[in-house]
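Undergrad: following is a predicted model, sequence given first.
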Amino acid sequence: MPLPAYKVRLTANDAITPSVRRLEFVFESDKPFSYTPGQFVSFLLPGEEKPLKRSYSIGSLTESTRDVAGFEIVIAYVDGGRATEFFFNAEPGLITEIQGPFGLLVMPETLPRRFFLVGTGTGIAPYRTMLPEIEKRLREEDCEIHLLFGIRSPEELFYGDDFLRYAQDNERFHAHFCYSRRLPEPPAPHDSLGYVQQRLSSLNPDPDTDLVYLCGNPKMVDDVFSLLQEKQFPTRQVKREKYVFSKF
Ligand SMILES: Cc1cc2nc3c(=O)[nH]c(=O)nc-3n(C[C@H](O)[C@H](O)[C@H](O)COP(=O)(O)OP(=O)(O)OC[C@H]3O[C@@H](n4cnc5c(N)ncnc54)[C@H](O)[C@@H]3O)c2cc1C
Ligand SMILES: NC(=O)c1ccc[n+]([C@@H]2O[C@H](COP(=O)([O-])OP(=O)(O)OC[C@H]3O[C@@H](n4cnc5c(N)ncnc54)[C@H](OP(=O)(O)O)[C@@H]3O)[C@@H](O)[C@H]2O)c1
């Protein structure tokens with residue numbers, strides 16, 4: 001049976017860094033759409049022979065994710081990319097189709113002792129949708145959560161204020177921004193120079209008690225996974241979502 005598709009209308013398309021745009025959509029029909037924070041949707045875009053299917057994590061920050069009226073995504077510029085071309089030039093009012101929600105990068109039923117949420121570039125989006133649930137769960141469960149966001153330079157930071165606001169309001173939620181090429185001037189205590197794996201190693205993740213989620217650049221996901229395996233992390237304590245390129 002074909003998966004149900006939903007018609008959505010673009011309502012906003014804004015540059016939030018020199019290479020990332022934030023797109024907002026609303027549902028065109030009354031068909032209810034709910035998702036679990038951390039999931040993604042697949043867009044069916046016009047293609048030459050058949051539709052292009054491209055996936056994007058839902059990045060919305062809302063208290064409820066049930067029967068939502070719409071959602072937002074963030075998309076990074078890929079040179080010569082077909083969906084990139086489509087979305088970077090799309091005007092509000094555009095109607096397109098999605099399927100979903102999909103994906104297993106969702107909050108665990110029980111929080112571990114320490115929970116590391118690691119993302120590079122737009123791979124940080126699924127963690128933003130988790131913030132309200134994180135806040136609620138931290139009131140009930142004994143856990144320390146560290147979010148690690150990998151970007152090149154201060155101009156590439158987005159959603160940073162949201163993560164810092166939650167970190168300020170929840171003493172067991174910590175945000176770390178890892179700049180691979182250039183630090184902000186002056187750097188704050190949550191800023192560091194280097195890849196996410198350097199910051200992660202400095203926090204000494206423990207294979208006996210901790211859980212690590214990885215999302216975004218496939219090379220980062222593989223490299224951090226190898227690092228965790230060297231630290232004897234069991235595979236079940238690492239969850240991965242790679243932003244792999246589509247074949248068509
Ligand atoms: C589960 C999932 C969730 C995803 N969520 C997001 C998201 O939230 N935000 C987001 O921006 N992307 C996300 N992606 C990636 C997204 O689906 C597309 O692959 C991406 O936007 C590129 O599509 P395109 O059609 O523009 O490029 P294509 O036309 O598919 O590719 C054009 C050329 O660029 C190369 N290429 C493609 N992507 C990259 C890249 N990132 N870096 C370097 N070269 C590349 C290809 O090999 C090809 O040569 C996700 C992918 C998956 C699988
Ligand atoms: N070259 C550029 O200046 C530039 C700028 C913007 C966008 N882009 C292109 O835009 C697309 C998406 O870019 P994006 O910024 O959303 O995501 P991205 O390419 O995943 O980069 C995000 C961050 O991840 C780092 N990274 C790369 N490989 C890593 C690894 N193995 N382990 C840990 N961290 C790693 C990058 O550092 P490093 O890049 O410093 O290695 C960068 O700080 C890509 O096609 C990218 O090439 C390129």
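TA: Sure, I can see it. Note that the structure is predicted; figures quoted are calculated from it, not measured. Ligands and ions are numbered 1, 2, ... in the order given.
Undergrad: which residues does Val212 form beta bridges with?
TA: Phe116, Val238 (DSSP bridges).
Undergrad: and the gap between the residue in the chain that ligand 1 sits nearest to and Leu45?
TA: Taking C-beta to the nearest ligand atom, ligand 1 has its nearest neighbour within the chain at Gly81, 2.2 Å off. Where C-beta positions appear, they are placed from N, C-alpha and C, glycine not excepted. Noted for Gly81: a distance of 11 Å to Leu45, by C-beta to C-beta, to the nearest Å.
Undergrad: so which residues on the protein come close to ligand 1?
TA: Taking C-beta under 6 Å from any ligand atom as the contact definition, the chain meets ligand 1 at 40, 54-57, 73-76, 78, 80-84, 122, 125, 241, 243-246.
Undergrad: show only the entries of those found in helices.
TA: 82-84, 125 (DSSP state H).
Undergrad: looking at the residues you listed, which is nearest Arg114?
TA: Nearest to Arg114 among these is Ala125, at 22.2 Å by C-beta to C-beta.
Undergrad: need the pLDDT of the closest residue to the closest one other than its chain neighbours.
TA: Leaving aside its sequence neighbours, Ala125 sits nearest to Gly59 (C-beta to C-beta, 6 or more residues apart in numbering; 3.5 Å). With respect to pLDDT, Gly59 scores 98.
Undergrad: the longest strand anywhere in the chain near ligand 2 anywhere?
TA: Using DSSP state E to define each element, the chain has its longest strand at strand 5-17. No - applying C-beta under 6 Å from any ligand atom, one finds strand 5-17 separated from ligand 2 by no less than 8.3 Å.
Undergrad: partner strands of that strand and their direction?
TA: strand 20-27 (antiparallel), strand 95-102 (antiparallel).
Undergrad: right, so of the ones you listed, which gets closest to ligand 2?
TA: strand 20-27 (6.5 Å).
Undergrad: now do the buried residues in the closest one.
TA: Within strand 20-27, the residues that count as buried by 16 or more other C-beta atoms under 10 Å are 20-25, 27.
Undergrad: tell me the residues of this structure that contact ligand 2?
TA: 19, 76-78, 120-122, 150-152, 180-181, 195-197, 216-217, 219-220, 223.
Undergrad: please flag which of those residues sit within strands.
TA: Among these, the ones falling in strands (DSSP E) are 76, 120, 150-151, 216.
Undergrad: among the residues you listed, give me the pair with the biggest separation.
TA: Ala76 and Gly150 (12.6 Å).
Undergrad: ok, how many other residues are close to Tyr179?
TA: 21 (other C-beta atoms under 10 Å).
Undergrad: kindly report the same for Gln168.
TA: 10.
Undergrad: and it, that one's in a helix?
TA: Yes - assessed with DSSP: H, G, I helix; E, B strand; the rest coil, Gln168 lies in a helix.
Undergrad: turn the strands paired with strand 5-17 into TSV, columns for mean pLDDT.
TA: Formatted as TSV, the strands paired with strand 5-17 follow (pLDDT from 0 to 100):
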stretch	mean pLDDT
strand 20-27	98
strand 95-102	97
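Undergrad: need the contact list for the residue of the chain found nearest ligand 2.
TA: Closest contact between the chain and ligand 2, by C-beta to the nearest ligand atom, is at Gly121 (2.5 Å). The contact partners of Gly121, by C-beta atoms under 8 Å, 6 or more residues apart in numbering, come to 20, 76, 150-151, 156, 216-217, 243.
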